[in-house]
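Student: here are the coordinates; sequence isn't available:
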């Protein structure tokens, strides 16, 4: 059986799965509830509680689950999976990164923590004018698609107001991307603006420097230098 109720976080729903799930549960309960939520919000946060009392899937239910996910692939903002079912927990941990949105797995006694995670802010991109035509871009935590959407608006505004652009890219607190959708948005943002900067300074640890070098060398035509995380002052002096 599947029960769907409004979630506590904004633009969210709670989904509880118990007993043995059927294709009819997906078609008659979950699919209409998700579609109704997406008519109000562009993306939806979902808390999925599987158990206690979960007995698995009947024939056809897994296929209905897959079809539902694929048909709303870009409609998920974040998914919290709360379960005591080992194989589901392991599967989500292995394949969660392939989802188009952040996915995190919680134990059954962590349902309140799961709700807090759905409601909290994840990674962020801070843009600050650093004098003249220099824009400092600080990437913090694990980034999701919403962070790129907010950053792109400010980046475009800065470009409109300045004849040239130099980027100071601060990766010292950057932890990566929340799913493939955010990674795709990163490459999209780079592709759309790659001709614009004249200079780029990248500050971060060795691992992120190597990644930035691979990305920027492919897309960006600017003069670029890489600085260790302890050399931020040197990067600032060079970019200005």
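Tutor: Alright, I've got the coordinates. Worth saying up front: this structure is predicted, and the values here are computed from it rather than measured. Residues are numbered from 1 along each chain as shown.

Student: packing partners for the longest strand belonging to the chain?
Tutor: Residue-count comparison of every strand in the chain, with assignments taken from DSSP state E, identifies strand 44-57 as the longest. With contacts taken as 3 or more Cβ pairs under 8 Å, 6 or more residues apart in numbering; DSSP states H and E, strand 44-57 sits against strand 12-21, helix 31-40, strand 76-83, helix 111-119. Just so you know, the C-beta spots here come from the backbone N, C-alpha and C atoms, and that holds for glycine as well.

Student: looking at this protein, which helix is longest?
Tutor: In the chain, taking DSSP state H as the definition, the longest helix is helix 145-161.

Student: distance between whichever helix or strand comes after it and the chain's centre?
Tutor: Where DSSP states H and E defines the elements, the next helix or strand beyond helix 145-161 is strand 166-177. Per Cα atoms, centre = their mean, to the nearest Å, the displacement of strand 166-177 from the mean C-alpha position of its chain is 16 Å.

Student: do the same with stretch 43-61
Tutor: Mean-position distance between stretch 43-61 and its chain equals 22 Å (Cα atoms, centre = their mean).

Student: give me the helix or strand of this structure that scores worst on average pLDDT.
Tutor: Across the helices and strands of the chain, mean confidence by mean pLDDT, DSSP states H and E is lowest for helix 180-193: a mean of 50.

Student: give me the pLDDT for the residue most central in space within the chain.
Tutor: Nearest to the mean C-alpha position of the chain, counting by Cα atoms, centre = their mean, stands residue 144 at 2.3 Å. Residue-level confidence at residue 144 comes out at 70, pLDDT.

Student: repeat that for residue 34.
Tutor: Here, the pLDDT recorded for residue 34 equals 85.

Student: surely it and residue 13 touch.
Tutor: Yes: here residue 34 reaches residue 13: they are 7.2 Å apart, a contact under Cβ atoms under 8 Å.

Student: between those two, which contacts overlap?
Tutor: Shared between the contact lists of residue 34 and residue 13 (criterion: Cβ atoms under 8 Å, 6 or more residues apart in numbering) are residues 44, 46.

Student: the residue nearest to the centre of the chain touches residue 124, doesn't it?
Tutor: No: shown here, residue 144 and residue 124 do not form a contact pair, counting by Cβ under 8 Å, at 9.5 Å.

Student: let me see the domain layout of the chain.
Tutor: For the chain, the domain assignment from automatic domain parsing gives the residue ranges 2-119, 124-239.

Student: among the ones you listed, show the one with the smallest mean pLDDT.
Tutor: domain 124-239 (a mean of 76).

Student: okay, the residue nearest to the centre of the chain and residue 120: tell me how far apart.
Tutor: The span separating residue 144 from residue 120 equals 12 Å under the rule Cβ to Cβ, to the nearest Å.

Student: burial-wise, tell me which of the helices and strands packed on strand 44-57 comes out on top.
Tutor: strand 76-83 (a mean of 23; mean count of other Cβ atoms under 10 Å).

Student: hey, what's the angle from it to helix 145-161? Just curious.
Tutor: Using axes from the mean of the first three to the mean of the last three Cα atoms, to 10 degrees, one finds that strand 76-83 and helix 145-161 are set 160 degrees apart in direction.

Student: so what touches strand 76-83?
Tutor: Contacts to strand 76-83, defined as Cβ under 8 Å, 6+ apart, come from residues 11, 43-51, 54, 88-89, 92, 99-108, 110-111, 114-115, 117-118, 122, 144, 146, 178.

Student: just the buried members of those residues?
Tutor: Those of those that meet the buried threshold are 11, 43-50, 54, 88-89, 92, 99-106, 114-115, 117-118, 122, 144, 146, 178, by 16 or more other Cβ atoms under 10 Å.
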